[in-house]
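Structure, please.
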Amino acid sequence: MNNSIAKNTFVLTICNIVQFIGALVQSVILAHAIHSKYEYGRLQQIFLIGVLTATVGSAIPSAMSFFWGKADHEHRNLSHFFSKFFFTTIIIGVVSSGIIFLGSPLLSDYFSNTLFQDWKLPIFIYFFLKCINNYANGLYLLNNQLQKLLIQNILSFTAIAIWMVYITKIETAVLYIFYGLIVIELIRILFLLKDLRFFFSKSNVFTLPTAREWRYVITLIAMMLLTVFNSQADRFIVSQLLGPAKYSDYSVGTFANPFIGLITGSLMMVLLPLFSELYHKGNFRVIAKLWRKVTVRACVLLLPLIIFTILFGDQIILLIYPPQFILAAKLFQLYNIKYIFTVIIFGSVINAIGQEKWMLINAIVNTITLCLLCIILIPIWDLYGAVIASILSLFAGYALPIWLTKKYLHVTFDKYFPIRFFLKTFCLCLGTAIAVRFLSSYLPSGKYFILLTGPIYIGICYAILIKDKKQYLRKLMVRKKDS
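Numbers count the residues shown, from 1 in each chain. Below is the predicted model of the structure:
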């Protein structure tokens, strides 16, 4: 059982990494191929809307996992289970993509982008197929066949990269990009249907979920859309206020660091059941001590990466993107400041104490705060104003989780957050990064030198921090025994 969970977690993580790399490669190839930042920005606006349909589709695998434990696992009932959720995915795909199709005039006006109307049919087909293919995550996970999903993701990534390179070489219309993407998604659906046919029968092809299942799916979609909009609201506002050309810089300069999400997500997965058990036993002090240890480990894992992207982020962007994205490179450095306090894994604790509703309220407040700050700061500082708004709204959002932990766990911030260790680690990483950046200025100029200075910086930081972490945790153990 544990081996199966560990294996599925690992394979699913690799699947997510492949998807992220695929999206990044697609963005980089298009940036090199499309010399006009205005045209590149218009294309990125379309993919921004695509994030919403992908989010809607991803609610289905989550709903399938939730109801899986309640399902009768005889083949006949499994057929009913998988069929109804597949049909649900089709309905949701038609509705979400149809809204974009029918709303294309409004989208064109909002984004000042006529491509939403000119390409509305291929956009509808592509987003619909992408939504349907989200179903594969649930099917393969629940049947312990995630290796098939991984293979499909790798093949899809390879096909998209080859197609993008081919299109850019022959210098044909950008619209042909969508034609190729549609063909790739159709092929994925054929593989999905081949594996799904074992669960189909004439009696349940058009079976619908129960009212309770519909309520759960719709509620989950609403929450996931809110979460996505909370993280993407600044992009929508930048697109509307500043237009496609400037949005092209913003989209490149504000992409999320995948390693932060992977590390914090893994820690949350491990901590949630443990914290939940301790909370219901009333072991609040144990939670605080364990949380403190985990935060120490998170500092060691994350702070070197975060400081690296702040000090060397411009070189990272210019390594993979064309020189005209120099502004995006500077934005990327500033944008990564927002991740400094992600070492505090609030999500596991808040979910463990059963206060998810407060996190939903917090997400709503954060979204409103972000929108207001963007409207105020963008006219003053342009794209920098949007980045500053994103940072300030995220930092302000920490206030509620801090209050909740004090209210329900009866512990203060300093009990679970190792302030001295955090500051020591932060200063060490910052000092090392500044030193490496200064010394690298004496090397011959060239964008590839980041491939040399990066590993040197990371190696120095981890060599020192791993030793410091062991000493710090050893001191905590001594204090625990003394107390």
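
Domain parsing of the chain, as residue ranges.
2-235, 254-482 (automatic domain parsing).

Now do the same for the nearest residue to residue 258 once chain neighbours are set aside: its pLDDT.
Nearest non-adjacent residue to residue 258, counting by CB to CB, 6 or more residues apart in numbering: residue 20, 4.6 Å away. Every residue, glycine included, has its C-beta placed from N, CA and C. You'll see residue 20 listed with a pLDDT of 83.

now residue 25
At residue 25, pLDDT is 87.

same thing with residue 5?
Looking at residue 5, the pLDDT reads 54.

What is the one helix or strand the residue nearest to residue 258 maps to packed up against?
Assigned by DSSP states H and E, residue 20 belongs to helix 2-33. On a contact count with 3 or more CB pairs under 8 Å, 6 or more residues apart in numbering; DSSP states H and E, helix 2-33 meets helix 37-68, helix 135-142, helix 146-170, helix 211-253, helix 258-280.

quick one: which of those is nearest residue 392?
Judged by CB to CB, the one of the helices and strands packed on helix 2-33 that comes nearest to residue 392 is helix 211-253, at 11.1 Å.

Please compute how far that closest one lies from its chain's middle.
How far helix 211-253 lies from its chain's middle: 12 Å, per CA atoms, centre = their mean, to the nearest Å.

low-scoring pLDDT stretches of the stretch 101-250 of the chain, where are they?
171-173, 198-206 (pLDDT under 70).

cool, and the stretch 301-450 of the chain?
By pLDDT under 70, the low-scoring segments of the stretch 301-450 of the chain are 348, 351-352, 354, 356.

need the helices for it, in chain order.
Ranges of helices within the stretch 301-450 of the chain are 326-335, 346-352, 356-396, 399-409, 413-416, 419-440, 450-482, based on DSSP state H, counting those that start in this stretch.

Can you lay out those helices as a markdown table showing distance to residue 90?
Converted to a markdown table, these look like this (distance: least, CB to CB, whole Å):
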| stretch | distance to residue 90 |
| --- | --- |
| helix 326-335 | 37 |
| helix 346-352 | 31 |
| helix 356-396 | 28 |
| helix 399-409 | 38 |
| helix 413-416 | 46 |
| helix 419-440 | 48 |
| helix 450-482 | 45 |
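
Tell me which of these sits nearest to residue 289.
Closest to residue 289 of the helices of the stretch 301-450 of the chain, according to CB to CB: helix 450-482, at 7.2 Å.

ok, residue 345 - contacts?
Contacts for residue 345 (CB atoms under 8 Å, 6 or more residues apart in numbering) come out as 264, 267, 268, 271, 291, 294, 295, 298.

Oh, that last question was meant for residue 295, not what I typed.
Contacts of residue 295 (CB under 8 Å, 6+ apart): 343, 344, 345, 416, 417, 418, 422.

can you rerun that using 6 Å?
Contacts here follow CB atoms under 6 Å, 6 or more residues apart in numbering; on that basis residue 295 touches 343, 344, 418.

Okay, and which of the residues you listed map to strands?
Residues of the contacts of residue 295 located in strands (DSSP state E): none.

now that we have the residues you listed, which one has the most neighbours?
In terms of neighbours by other CB atoms under 10 Å, the contacts of residue 295 top out with residue 343 at 26 neighbours.

so what's it up against?
Counting by CB under 6 Å, 6+ apart, residue 343 has contacts 295, 298, 299, 302.

Determine which two of these are furthest apart.
Going by CB to CB, the pair spanning these furthest: 295 and 302, at 10.1 Å.

Relative to residue 407, how far out is residue 359?
According to CB to CB, to the nearest Å, residue 359 and residue 407 sit 14 Å apart.
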